[in-house]
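> Give the three-dimensional model of this entry:
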Amino acid sequence: MILTKTKKQTMKVALICNSDLLGGAAVVTYRLMQALRHQGVDARMIVYTKLSNSSEVKVVGNRFMRGVYFMWERLRIFMANGLSYDRLFKVSIANVGYPLHRHPWVKEADVVALNWVNQGLASLNGIKHLHKAGKPVVWTMHDMWNCTGICHHAYECDRYKHSCGMCPFLNSDRQNDLSHTVWQKKKELYDSVPIRFVAVSNWLADRCAASSLLRDRDVNVIHNAFPVESFTTEVQGNLSLLGVPEDKNLILMGAARLDDTIKGIDYAIDALNYIFDNHPSVAKRSTAVFFGNMNNPEVLDRLRFPYVWTGRINDSESLRCLYSSAKVVLSTSLYETLPGTLIEGQASGCVPVTFGLGGQRDIVTHLKDGYIAEYKNHKDIAKGIIWALDAEIDRDELHRSVSRRFSASEIARQYISLFKELI
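Numbers count the residues shown, from 1 in each chain. Sure, this is the predicted structure:
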């Protein structure tokens, strides 16, 4: 079925994101583009960094100017945070960006769908120009950046509920600091441009409702699209090629970068060590498998529980083999808008064990299809792992449950319905 604005004209959507495949937000945006195209929408992506070979993805600008914009924004943050590198990439300010309203695909589009557009791709002023060009703007939020002054996750800070300032990411004690200045610019943008915001989880929508910037704005909840049909509960492939034993109960934990502090890997290590020390029979018949990059792999040196670190897994066949062979998928992320590994694991029949501060509750119903542990309690994570290893949950029903909620076709239909409201 071809979706049309009229009987003759196909709906055109320009999706704008920092990358097509680099990072979680990029991957799910690329999947959304594919899902929309499958539904008959002429959807295309405009990106800063292109990794795919798709002809429906175009890079904006040239390498030199991308570098200039990126460094310009980071330098401004670096000067404001007291020359500290530690938290340099925890915030963005959108002070520079490309004139996206001049791009041919944007000019042709019926709707512009912004996604993760930071680090020099789009500026706040540039988004005003999209509106002036007559383009309806939908903005999908993959973290908290839209509802805070500058940070992507506020952690325990609640100043985004007011007007920011005295920002802990800037080590600032001034109310009128960079975070407050950007907060003011966002408020001006949101007041002048009728942006339709999309939160990818109910947790993120709740943060928006508490935010001084977005509490009075239109916010839809539409989950990320996942290729559920690509994951199976039937074991496929050879685990030995990944160095993973085939005769153990596998506990998976994966991330783009496992030792990013927000992923909470120390809580996973503490929980597994607790099982090793107090439930040796469970440890004897199990293996923890970590997949993803690590800047400091020595953080695993203190793990006594049997484990394998595969590094980054680049091919989908190996990833499907790993998921379909595992019993448990583990996430100890401190904050997560909608953790993809839990969804992919469930789609493969794995039982999720996780903290619940984030979009995890959109995925897991406690003690029904997974375990939600007390926040930052490694002993409760250990309890959840043991529960999940013993749980008799139909793997195929887990797959069907994910399909009902997160299938690419269903998510595409929800976006199409939203787009039609705005055209």
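> what about the helices in the stretch 151-300 of the chain?
Under the criterion DSSP state H, counting those that start in this stretch, helices of the stretch 151-300 of the chain are mapped to 178-192, 202-210, 265-278, 280-284.
> so Ile262 touches Ser333, yeah?
Yes. Using Cβ atoms under 8 Å, Ile262 makes contact with Ser333 at a distance of 6.2 Å. Backbone N, C-alpha and C define where each C-beta goes, glycine included.
> Between these two, point out the one with more neighbours.
For Ile262 and Ser333, the more surrounded residue by other Cβ atoms under 10 Å is Ser333, and the numbers stand at 24 against 17.
> The protein - how does it break down into domains?
12-225+407-422, 229-405 (automatic domain parsing).
> Would you reformat the ones you listed as TSV and include mean pLDDT?
Compiled in TSV, those are given as follows (pLDDT from 0 to 100):
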stretch	mean pLDDT
domain 12-225+407-422	96
domain 229-405	95
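> could you pull out the strands for this protein?
Using DSSP state E, the strands of the chain run over 12-19, 42-49, 57-59, 111-114, 137-141, 196-199, 219-221, 249-257, 286-293, 307-311, 328-331, 351-355, 371-373.
> hey, which of those is tucked in deepest?
A comparison of those by mean neighbour count, using mean count of other Cβ atoms under 10 Å, puts strand 328-331 on top with a mean of 28.
> Remind me what that one packs against, helices and strands.
strand 249-257, helix 340-347, strand 351-355, helix 378-390 (3 or more Cβ pairs under 8 Å, 6 or more residues apart in numbering; DSSP states H and E).
> thinking Asn95 is in contact with Arg76, fair?
Yes. Proximity of Asn95 to Arg76 meets the contact threshold set by Cβ under 8 Å, at 6.0 Å.
> quick one, which of these two is more surrounded?
Neighbour tally, Asn95 and Arg76, criterion other Cβ under 10 Å: the higher count belongs to Asn95, 18 against 14.
> What count of nearby residues applies to Pro104?
Counted with other Cβ under 10 Å, Pro104 comes out at 10.
> Tell me how far it lies from Lys58.
Look at Pro104 and Lys58: by Cβ to Cβ, to the nearest Å, they are 9 Å apart.
> swap in Val13?
14 Å.
> Repeat that for Met141.
According to Cβ to Cβ, Met141 stands 23 Å off from Lys58.
> likewise Ile385?
According to Cβ to Cβ, Ile385 stands 45 Å off from Lys58.
> Ok, Ile222 next?
Ile222 is 25 Å from Lys58, by Cβ to Cβ.
> what's near enough to touch Gly263?
One thing to correct before we go on: residue 263 is Lys, not Gly. Neighbouring residues of Lys263 by Cβ atoms under 8 Å, 6 or more residues apart in numbering: Ala255, Arg257, Ser331, Thr332, Ser333, Leu334.
> so Cys17 touches Gln119, yeah?
No. Assessed by Cβ under 8 Å, Cys17 is found out of contact with Gln119, at 11.2 Å.
> Could you pull out the buried residues of the longest helix along the chain?
Looking across the chain with DSSP state H, the single longest helix is helix 63-80. For helix 63-80, the buried set under the neighbour-count rule, 16 or more other Cβ atoms under 10 Å, comprises Arg66, Tyr69, Phe70, Glu73, Arg74, Ile77, Ala80.
> Contacts only, for Glu73.
Ser92, Ile93, Ala94, Asn95, Val96, Asn118, Gln119, Gly120.
> Take those and lay them out in CSV including distance to Met33.
Shown next, in CSV, are these (distance: Cβ to Cβ, whole Å):
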residue, distance to Met33
Ser92, 23
Ile93, 27
Ala94, 23
Asn95, 28
Val96, 25
Asn118, 19
Gln119, 20
Gly120, 21
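> Neighbour-wise, give me the winner out of those residues.
Result: Gly120 is most packed of those (other Cβ under 10 Å), 25 neighbours.
> got the contact list for the closest residue in space to that residue that isn't next to it in sequence?
Distances taken as Cβ to Cβ, 6 or more residues apart in numbering put Tyr69 closest to Gly120, at 3.2 Å, once the chain neighbours are dropped. Applying Cβ under 8 Å, 6+ apart, one finds that Tyr69 lies in contact with Gly61, Val96, Gly97, Tyr98, Gly120, Leu121.
> Could you measure from the residue lying closest to the last one once chain neighbours are set aside over to Asn295?
In this case it means Leu121. In space, and not counting its chain neighbours, Leu121 is closest to Tyr48: 4.6 Å by Cβ to Cβ, 6+ apart. Distance, Tyr48 to Asn295, using Cβ to Cβ: 22 Å.
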